[in-house]
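>>> attaching a predicted model along with its sequence, questions to come.
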Amino acid sequence: MKDEIEKWEKENGIKLFKKIGIKSGQTVLDFGARVGHYSIPAANVVGVKGLVYALDKDKRALEQLQRKAKRQRLENIKSIETDGNLEIDLEPGSVDVVLAYDVLHLLDNRKVVYKQVYQILRRGGLFSVYPKHNKLDSPGWGLENMTPEDIKTEIESHGFNFEKEYCGILSHDDTFNEGCILNFRKK
């Protein structure tokens with residue numbers, strides 16, 4: 001499975017990120033990056049002129065991500081280890097894209113994260129969310145009573161406009177599943 005995940009990161013993940021609107025030279029924050037299943041393809045898309053911040057509270061996962069990036073000669077991924085505090089220590093308006101994939105269900109206070117994301121995104125910036133574990137997709141934890149429509153409404157109430165939904169095969173932990181990404185733009 002490891003080889004299949006790495007192949008997805010190098011091929012289908014790159015195609016996915018180009019399709020949702022990530023471009024060369026952009027700055028991306030992968031919020032809850034873990035071992036980089038999304039950081040790696042994002043780094044390939046933004047290229048040497050771009051930057052990917054990989055934020056996570058799991059130091060070992062970030063170390064694994066950095067080893068993988070080094071093997072692939074990706075020098076544009078910067079790990080940010082957090083203590084689980086929901087504050088994002090990046091300059092206001094400094095990020096083009098924030099990825100929050102398979103992480104919302106783990107957050108005690110999503111509203112704080114939405115506010116932080118809004119602050120760090122540039123005007124018109126992309127907030128891309130994969131709301132795994134919602135009422136219709138392996139319910140569990142913090143989203144078990146919410147549908148994707150409920151999640152859209154929640155995010156829109158924090159200054160974002162829903163743009164588009166993208167569905168397909170996504171990385172989930174160290175496997176794959178069919179899922180849908182919701183894209184929002186900062187107003």
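Perfect, I can see it now. Because the structure is a prediction, the values reported are computed rather than measured.
>>> helix, strand, or coil at residue 98?
Under DSSP: H, G, I helix; E, B strand; the rest coil, the three-state class of residue 98 is strand.
>>> revised request: answer the last question for residue 136.
Per three-state DSSP, residue 136 ends up coil.
>>> was I right to think it contacts residue 146?
No: judged on CB atoms under 8 Å, residue 136 makes no contact with residue 146 at a distance of 9.2 Å. C-beta here means a position set from N, CA and C on the backbone, and glycine is covered the same way.
>>> and the two? which has more neighbours close in?
residue 146 (20 against 13; other CB atoms under 10 Å).
>>> what's the burial count for the nearest residue to the more buried one once chain neighbours are set aside?
In space, and not counting its chain neighbours, residue 146 is closest to residue 134: 5.3 Å by CB to CB, 6 or more residues apart in numbering. Residues lying near residue 134 (other CB under 10 Å) number 23.
>>> from residue 5, how far off is residue 134?
As judged by CB to CB, to the nearest Å, residue 134 and residue 5 stand 23 Å apart.
>>> from residue 61, how far off is the closest residue in space to residue 121 that isn't next to it in sequence?
In this structure, residue 121 finds its nearest non-sequential neighbour in residue 186, 4.6 Å apart by CB to CB, 6+ apart. Going from residue 186 to residue 61 by CB to CB gives 28 Å.
>>> shouldn't the residue nearest to residue 121 be in contact with residue 120?
No: Residue 186 lies out of contact with residue 120 (CB under 8 Å); the separation is 9.7 Å.
>>> got a list of what the most centrally placed residue in the chain touches?
Centrality entry for the chain: nearest residue to the mean C-alpha point is residue 99, 2.2 Å, by CA atoms, centre = their mean. Residues in contact with residue 99, defined by CB atoms under 8 Å, 6 or more residues apart in numbering, are 28, 29, 30, 31, 38, 42, 128, 130.
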